[in-house]
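1. Turn this into a model:
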Amino acid sequence: MYKLKKLILKIFSPITIMLIPHGRTKVYGVKIPFLLIFLFICCWLAFNVYVFSIAVNTIEYYQMKQNLSSIMNKFNELKSTIIALKHAEAEFNKIFSLRSKKEILESINFHPSGDIDIEELKKHAEKAINTVSEIKNFLSEQQDIYKSTPLGWPVKGEITSPFGKREHPKYGYEEFHTGIDVSVPPGTEIKATADGIVVFSGYQGRNGNVVMIKHGYGFTTVYAHNKQNLVNVGQKVKRGDIIAISGNTGSTTGPHLHYEVWKNNSPISPISYLKEDF
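-> This is a model prediction of the structure:
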């Protein structure tokens, strides 16, 4: 109690700053409360953190803007090339639709502005094909990542035990909870949160009936304490497929789903993956 009182007195006690003008003997003293100085330092630190966050967001914005600009340039180049190819196709169709050699020779316009440069056209066509291929590969990869990333709730319910350190609800000892517990009525349909392949479906001690799905890009999801598993090992599933029925198997204090998300063989919090958007 004495130490606390001493600390409070120290916080509210003023600090004297001595001012000695050059060439004078008179000394001026300014008393500033220690609490005021402390609050000023806190405000200064908060302001710097705020400025730093704005700077980071600005940099990310300009990087995203540059990436979008690069993609738009590729699309514009592709558009110009396609227009050129269409004009060339029209010219060739016009030429080859004529019946006689005389008509063909008379119809071709070889003045400088109307030359058909096959090599140049070939270069543009190859460039257009490469650009389309790059965009297609990029979109295909993004689609694969999206399908393999766990998104949304496996069941709709209330989270009764979060991810991380906790006291075991049944035995009382401290443990690291590698997932979240979602309270749901028995018999609720459990859905896969991403595309993947079932790598385990069976009984697993205290976890009861468990379904484990391996997704792409290092993701794995686990669904435990099920009343009944509806999928088999090796079976391919898609996001939204019903894989099990919720229950109370294994060591539990009540019916719920234990849901885990793993990334590169390490458990991560599923909370940020419960949102529906990518």
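
2. Look at residue 66 and report its pLDDT.
-> You'll see residue 66 listed with a pLDDT of 78.

3. Distance check, it against residue 73.
-> Noted for residue 66: a distance of 11 Å to residue 73, by CB to CB, to the nearest Å. To be clear about C-beta, it is placed using only N, CA and C from the backbone, and glycine gets the same treatment.

4. ok, and for the strand ranked longest in the chain, which residues are buried?
-> With secondary structure taken from DSSP state E, the chain has its longest strand at strand 219-229. Within strand 219-229, the residues that count as buried by 16 or more other CB atoms under 10 Å are 219-227, 229.

5. mind checking how far residue 204 is from residue 76?
-> 56 Å.

6. Name the residue in the two with the higher neighbour count.
-> Shown here are residue 204 and residue 76; by other CB atoms under 10 Å, residue 204 has more neighbours (17 against 10).

7. what lines up beside the longest strand of the chain in the sheet?
-> strand 209-214 (antiparallel), strand 242-246 (antiparallel), strand 256-263 (antiparallel) (DSSP bridges).

8. can you map out the helices along the chain?
-> Secondary structure of the chain (DSSP state H): helices located at 2-12, 34-96, 101-107, 118-148.

9. Which one of those has the poorest average confidence?
-> Among the helices of the chain, helix 101-107 scores lowest, with a mean of 48.

10. and stretch 181-189, which residues are buried?
-> For stretch 181-189, the buried set under the neighbour-count rule, 16+ other CB under 10 Å, comprises 181-182, 184, 188.

11. Throw those into CSV and include distance to residue 148 and pLDDT, thanks.
-> Shown next, in CSV, are the buried residues of stretch 181-189 (distance: CB to CB, whole Å; pLDDT from 0 to 100):
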residue, distance to residue 148, pLDDT
181, 25, 96
182, 22, 97
184, 25, 96
188, 25, 97
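
12. okay if I get the residues you listed as a markdown table plus distance to residue 41?
-> Putting the buried residues of stretch 181-189 into a markdown table (distance: CB to CB, whole Å) gives the following:
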| residue | distance to residue 41 |
| --- | --- |
| 181 | 43 |
| 182 | 44 |
| 184 | 49 |
| 188 | 53 |
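
13. what's the most distant pair in the buried residues of strand 219-229?
-> Taking CB to CB, the two most distant members of the buried residues of strand 219-229 are 219 and 227; they sit 25.3 Å apart.

14. Closest to residue 134 out of the buried residues of strand 219-229?
-> residue 219 (25.7 Å).

15. Could I get the contacting residues of the closest one?
-> 148-150, 194, 196, 261-263 (CB atoms under 8 Å, 6 or more residues apart in numbering).

16. What of residue 147?
-> In this structure, residue 147 makes contact with 194-195, 216, 238-239, judged by CB under 8 Å, 6+ apart.

17. with those residues in mind, which one is nearest to residue 155?
-> Set against residue 155, the nearest of these by CB to CB is residue 239 (14.0 Å).

18. How many neighbouring residues does that closest one have?
-> Residue 239 is flanked by 18 other residues according to other CB under 10 Å.

19. May I ask you to confirm that it is in contact with residue 194?
-> Yes: with contact defined as CB atoms under 8 Å, residue 239 reaches residue 194; the gap is 5.2 Å.
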